[in-house]
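Participant: What follows is a predicted structure for the sequence shown.
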Amino acid sequence: MLRILHQIFRTGIVTEPLPSAIEAEIEEVGARLEEAIKRRFRRSLTIRQVDAGSCNACELEIHAINNPVYNSERFGIHFTASPRFADMLLVTGPVSRNMEIALCRTYNATPCPKLVVAVGDCGCSGGIFGESYASLGGVDKVIPVDVYIKGCPPTPVVMLQGILKAVGK
């Protein structure tokens with residue numbers, strides 16, 4: 001244990017700050033997002049992220065939104081494990097046949113008014129997986145979608161802009 005702590009102190013902080021142009025863009029989008037969230041929900045936005053069969057690239061970018069660099073909590077965005085507390089479903093990947101029922105149950109468990117955002121090319125249209133014996137295609141084949149966020153995978157800034165678009169509807 002002491003050896004690990006010694007290594008941590010020797011290494012120091014290794015996270016590099018964002019370039020100033022990206023940081024400024026995040027601040028701008030974040031301020032607009034925070035204002036829209038307060039106007040629509042009068043509190044914070046709670047998101048339930050659902051992986052419907054993706055390759056996990058979009059999930060890595062969603063996790064980046066939560067890390068200390070992007071810090072979505074400062075804009076009033078919180079992630080939850082329960083759809084019963086969620087205001088928005090953030091769905092990634094083409095919907096696999098095995099996830100169809102789980103996605104429908106999650107959608108039905110989310111209280112109204114709910115927002116659904118399809119993330120990534122796979123969530124929007126099925127992407128490279130398309131429709132096959134194992135995949136139903138995009139999220140809109142199973143549940144209604146409010147906003148589509150294109151990209152493979154979309155960057156955290158693009159995801160924040162997509163969330164802003166959904167909240168602004």
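Facilitator: Nice, I can see it. This structure is a prediction, so every number in the text was calculated from the model and none was measured.
Participant: Quick check: end-to-end length of stretch 143-163?
Facilitator: End-to-end span of stretch 143-163 (CA to CA, to the nearest Å): 18 Å.
Participant: which parts of that stretch are buried?
Facilitator: Within stretch 143-163, the residues that qualify as buried are 143, 145-149, 151, 153-154, 156-163, counting by 16 or more other CB atoms under 10 Å. For every residue, glycine as well, the C-beta is placed using N, CA and C.
Participant: For L2, grab the count of nearby residues.
Facilitator: Neighbouring residues of L2 were enumerated by other CB atoms under 10 Å; the total is 6.
Participant: Run through the residues that contact I62.
Facilitator: Shown here is I62, whose contacts under the criterion CB atoms under 8 Å, 6 or more residues apart in numbering are 49, 90, 92, 119, 159.
Participant: Of those, which count as buried by neighbour count?
Facilitator: Those of the contacts of I62 that meet the buried threshold are 49, 90, 92, 119, 159, by 16+ other CB under 10 Å.
Participant: need the contact list for V145.
Facilitator: Contact analysis of V145 by CB under 8 Å, 6+ apart lists 91, 116-118, 138-139.
Participant: Following the chain onward from the helix ranked longest in the chain, which element is next?
Facilitator: What stands out as the longest helix in the chain, according to DSSP state H, is helix 20-41. Elements were assigned by DSSP states H and E; along the chain past helix 20-41, the next helix or strand is strand 45-51.
Participant: List the buried residues for whatever helix or strand comes next after that following strand?
Facilitator: Along the chain past strand 45-51, the next helix or strand (assigned with DSSP H and E) turns out to be helix 57-66. For helix 57-66, a neighbour-count test (16+ other CB under 10 Å) marks 57-59, 61-62, 65-66 as buried.
Participant: Between helix 20-41 and the host helix or strand of M159, find me the angle.
Facilitator: Here M159 is covered by helix 156-168, with elements defined by DSSP H and E. Here helix 156-168 points in a direction 20 degrees away from that of helix 20-41 (axes from the mean of the first three to the mean of the last three CA atoms, to 10 degrees).
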